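# Sequence and predicted structure, then a few things I'm wondering about:
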Amino acid sequence: MTPAARLSAAIEILGHILDGDAAEKALTNWARGSRYAGSKDRAAVRDHVFGALRCKRSFTTLGGAQTGRGIVLGMLRAQGVNPDEMFTGIGHAPTPLTDEERAQGDTPEGNAALDIPDWIAPQLAASLGDDFTAVCHALQKRAPVFLRVNTLKTNLKQAAIDLAGENIQTTPHPLSPTALEVTENPRRVHLSAPYNDGRVELQDAASQAVVDLLPLRPDMRVLDYCAGGGGKVLAMAARASASYFAHDANPQRMKDLPDRAERAGASVTLFEPEDVAASGPYDLVLCDVPCSGSGAWRRSPAGKWEFKPEKLDQLREIQAEILTKAAGLVAPNGVLAYTTCSLLDAENSEQIEAFTTGSDWKCTSQTRFTPLDGGDGFFCALLTR
Ligand SMILES: C[S@@+](CC[C@H](N)C(=O)[O-])C[C@H]1O[C@@H](n2cnc3c(N)ncnc32)[C@H](O)[C@@H]1O
């Protein structure tokens with residue numbers, strides 16, 4: 001496909017996303033109907049679509065229309081490319097611009113320039129303080145690819161050598177002693193031997209840094225109360241040879257966990273939701289709660305635009321409920337850990353404040369990472385009685 005044909009594909013896919021399709025579904029549907037597109041084409045189209053979604057508001061303003069075509073037009077203007085060079089109508093290129101299209105479009109300002117929805121901007125600004133603008137700009141850019149080196153099977157140096165042997169270049173990242181940032185050929189990771197035999201896992205560096213903060217010891221019973229796919233529990237299992245248990249209100253979310261654990265050489269016992277209440281006490285209970293995902297909006301940019309005030313209220317209720325239930329499973333001298341991938345105080349420090357007020361729990365540490373630290377935004381609070 002020519003560069004312009006790839007833009008036509010992005011215009012079509014963005015149109016489906018604007019009509020309500022999930023980004024992955026729209027991309028898959030397009031790829032199914034476009035057998036002529038090779039892997040490089042698919043990767044380039046995907047990059048256009050995700051790049052456009054990260055900057056949807058500013059590109060729409062620049063392009064002058066809330067359509068796939070308007071967004072791509074804005075994207076080219078933002079990149080300093082003359083759109084007439086791409087919108088030629090030749091071959092599979094987008095049709096030439098009309099005079100009206102050439103005339104429309106404004107310079108984005110304020111929240112539009114930062115690609116942040118107006119309703120969330122004040123909360124985000126209050127939560128991030130002086131870092132607000134820089135974090136919004138970071139969320140407009142593509143996230144780095146990070147690996148967690150599984151220390152049950154190898155070490156950082158050896159993993160880097162083995163990956164380099166498959167032409168995947170990496171560099172250690174200061175956020176965590178187990179983190180490697182992939183600097184060349186990130187798309188090869190899935191095919192590589194170190195990935196397929198569990199020597200490395202895909203995991204954001206700040207997600208690893210959060211696990212580094214947990215006070216793990218080999219003699220502990222540890223419960224991951226919101227285990228999902230198991231990213232955190234597997235990272236914990238590699239750090240200390242404790243006894244690990246996993247629970248999720250939606251057990252389907254844990255369906256890959258047994259295979260992942262086996263591949264990683266880790267042992268994790270899974271609970272059905274009805275069995276967890278009687279399974280305590282634990283020395284450490286981790287609540288990696290469902291949240292806005294605002295710390296990871298550069299990875300899942302559609303989430304930035306779909307997130308709504310009602311959803312935030314609903315999540316805050318669930319987060320408080322999880323804290324209360326999980327606290328009942330912690331041994332008298334045990335630790336309750338609360339983590340999110342949110343940048344919002346409403347889901348972070350304010351939840352901890354509300355939980356500890358009038359209870360016998362006290363917060364011993366709170367740590368927040370933002371994309372300015374290199375990884376995604378994450379929050380971790382440790383609580384004891
Ligand atoms: C942020 S994700 C967990 C990610 C996972 N810990 C990881 O590192 O891969 C949050 C999880 O909480 C689960 N969840 C939602 N409500 C819950 C509840 N009331 N109790 C326990 N888990 C819940 C969701 O199904 C989801 O899998």
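Yes, it's here. Please read these numbers as outputs of a predicted model, since none were measured by experiment.
# tell me which element the nearest residue to Val289 once chain neighbours are set aside is part of?
Nearest residue to Val289 in three dimensions, chain neighbours excluded: Gln319, at 4.6 Å (Cβ to Cβ, 6 or more residues apart in numbering). The way it works is simple: take the backbone N, C-alpha and C, and place the C-beta from them, glycine included. Using DSSP states H and E, Gln319 falls within helix 309-327.
# just how off-centre is stretch 257-276 within its chain?
Distance of stretch 257-276 from the chain centroid (Cα atoms, centre = their mean, to the nearest Å) equals 22 Å.
# before we move on, what about stretch 193-205?
17 Å.
# cool, stretch 197-214 as well?
Taking mean C-alpha positions (Cα atoms, centre = their mean), stretch 197-214 and its chain are 13 Å apart.
# same deal with stretch 97-109?
Distance, centroid of stretch 97-109 to centroid of chain: 33 Å (Cα atoms, centre = their mean).
# the helices in the stretch 151-300 of the chain, which residues?
156-164, 193-196, 205-212, 231-239, 257-264 (DSSP state H, counting those that start in this stretch).
# residues touching Ser192, list them.
Residues in contact with Ser192, defined by Cβ atoms under 8 Å, 6 or more residues apart in numbering, are 163, 166, 168.
# Could you report the distance from the residue of the chain most remote from its centre to the ligand?
Going by Cα atoms, centre = their mean, the residue of the chain most distant from its centre is Asp99, 40.2 Å out. Separation of Asp99 from the ligand (Cβ to the nearest ligand atom, to the nearest Å): 49 Å.
# related to what we said a few turns ago, quick one: which of the helices of the stretch 151-300 of the chain is nearest the ligand?
Closest to the ligand of the helices of the stretch 151-300 of the chain, according to Cβ to the nearest ligand atom: helix 231-239, at 3.0 Å.
# The closest one relative to helix 205-212, how many degrees between them?
60 degrees (axes from the mean of the first three to the mean of the last three Cα atoms, to 10 degrees).
# For helix 231-239, the averaged confidence score.
The predicted model gives helix 231-239 an average pLDDT of 98.
# Touching it from outside, list them.
For helix 231-239, the external contacting residues (Cβ under 8 Å, 6+ apart) are 148, 150-152, 178, 201, 203, 207-208, 210-212, 214, 216, 222, 224, 227, 242, 244, 246, 257, 260-261, 264, 266-268, 286, 288, 339.
# Out of those residues, which are close to the ligand?
227, 288 (Cβ under 6 Å from any ligand atom).
# among the contacts of helix 231-239, which ones are buried?
148, 150, 178, 201, 203, 207-208, 210-212, 214, 216, 222, 224, 227, 242, 244, 246, 257, 260-261, 264, 266, 268, 286, 288, 339 (16 or more other Cβ atoms under 10 Å).
# who in the chain is up against the ligand?
With Cβ under 6 Å from any ligand atom as the criterion, the chain meets the ligand at residues 225-232, 248-250, 253, 288, 290, 318, 322.
# Specify which member of the residues you listed is nearest to Gln158.
Gly231 (22.1 Å; Cβ to Cβ).
# Mind splitting the protein into its structural domains?
The chain breaks down into these domains under automatic domain parsing: 3-104, 145-203, 215-384.
# thinking again about what came up before, angle of the helix or strand that comes right after the helix holding Gln319 against helix 231-239?
Later in the chain than helix 309-327, the nearest helix or strand by DSSP H and E is strand 330-340. Using the same axes, to 10 degrees, the inter-axis angle of strand 330-340 relative to helix 231-239 is 120 degrees.
# quick one, strands of the chain?
Assigned strands in the chain, in chain order: 145-149, 169-172, 179-184, 200-202, 221-224, 243-246, 268-270, 282-288, 330-340, 362-369, 378-384 (criterion: DSSP state E).
# how about the ones you listed in JSON lines, adding mean pLDDT?
Formatted as JSON lines, the strands of the chain follow (pLDDT from 0 to 100):
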{"stretch": "strand 145-149", "mean pLDDT": "98"}
{"stretch": "strand 169-172", "mean pLDDT": "98"}
{"stretch": "strand 179-184", "mean pLDDT": "98"}
{"stretch": "strand 200-202", "mean pLDDT": "97"}
{"stretch": "strand 221-224", "mean pLDDT": "98"}
{"stretch": "strand 243-246", "mean pLDDT": "98"}
{"stretch": "strand 268-270", "mean pLDDT": "97"}
{"stretch": "strand 282-288", "mean pLDDT": "98"}
{"stretch": "strand 330-340", "mean pLDDT": "98"}
{"stretch": "strand 362-369", "mean pLDDT": "98"}
{"stretch": "strand 378-384", "mean pLDDT": "98"}
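# and Gly129, which of those strands is closest to it?
Nearest of these (Cβ to Cβ): strand 362-369, 11.1 Å.
# which parts of the closest one are buried?
Buried residues in strand 362-369 (16+ other Cβ under 10 Å): 363, 367-369.
# right, and out of those residues, which lies closest to the ligand?
Nearest to the ligand among the buried residues of strand 362-369 is Phe369, at 14.6 Å by Cβ to the nearest ligand atom.
# give me the number of residues near the closest residue to the closest one other than its chain neighbours?
Nearest residue to Phe369 in three dimensions, chain neighbours excluded: Ala206, at 4.1 Å (Cβ to Cβ, 6+ apart). Other residues near Ala206 come to 28 when the count uses other Cβ atoms under 10 Å.
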